[in-house]
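Participant: Fold the following and give me the result.
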Amino acid sequence: MIKVRCYKCSQAFHLTEQNIANTLAAEGITRKPALYVAECPHCRQANKVSLRRVRLPEAESTGDEAAGDQVPD
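Facilitator: The predicted structure follows:
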């Protein structure tokens, strides 16, 4: 978990590494960027989060992608 504090309203919120990886995969980003932009759930302000020390897991595949890979008999 990554703890982030909004610089505008000072509310703290958490991000999970899996959520970040899934969002980046959905946007089509294959390499790990230096920064991730997280929106504060309280005031909707964009906050830059450094991914320097974060180890991102593989993105989870959705049910639609898994169904598209199967070949019908």
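
Participant: going forward, measure contacts and count neighbours with C-alpha atoms only.
Facilitator: OK.

Participant: which helices and strands does the helix or strand containing Ala25 pack with?
Facilitator: Following DSSP states H and E, one finds Ala25 within helix 17-26. Using 3 or more Cα pairs under 8 Å, 6 or more residues apart in numbering; DSSP states H and E as the contact test, no helix or strand touches helix 17-26.

Participant: Could you list the buried residues of it?
Facilitator: Buried residues in helix 17-26, counting neighbours by 16 or more other Cα atoms under 10 Å, are found at 17-18, 20-22, 24-25.

Participant: pLDDT weak spots in this protein?
Facilitator: Applying pLDDT under 70 to the chain flags residues 62-73.

Participant: Setting the sequence-adjacent residues aside, check what's closest to Ala25.
Facilitator: In this structure, Ala25 finds its nearest non-sequential neighbour in Ala59, 6.3 Å apart by Cα to Cα, 6 or more residues apart in numbering.

Participant: Contact partners for the residue most central in space within the chain?
Facilitator: Taking Cα atoms, centre = their mean, the centroid of the chain lies closest to Ile20, which sits 1.5 Å from it. Residues in contact with Ile20 (Cα atoms under 8 Å, 6 or more residues apart in numbering) are 36, 56.

Participant: And the helices in this protein, which stretches?
Facilitator: Using DSSP state H, the helices of the chain run over 17-26, 63-69.

Participant: neighbours of the nearest residue to Lys48 once chain neighbours are set aside, just the number please.
Facilitator: Ranked by Cα to Cα, 6+ apart and with sequence neighbours excluded, the top spatial neighbour of Lys48 is Val37, at 4.6 Å. For Val37, the neighbour count with other Cα atoms under 10 Å is 12.
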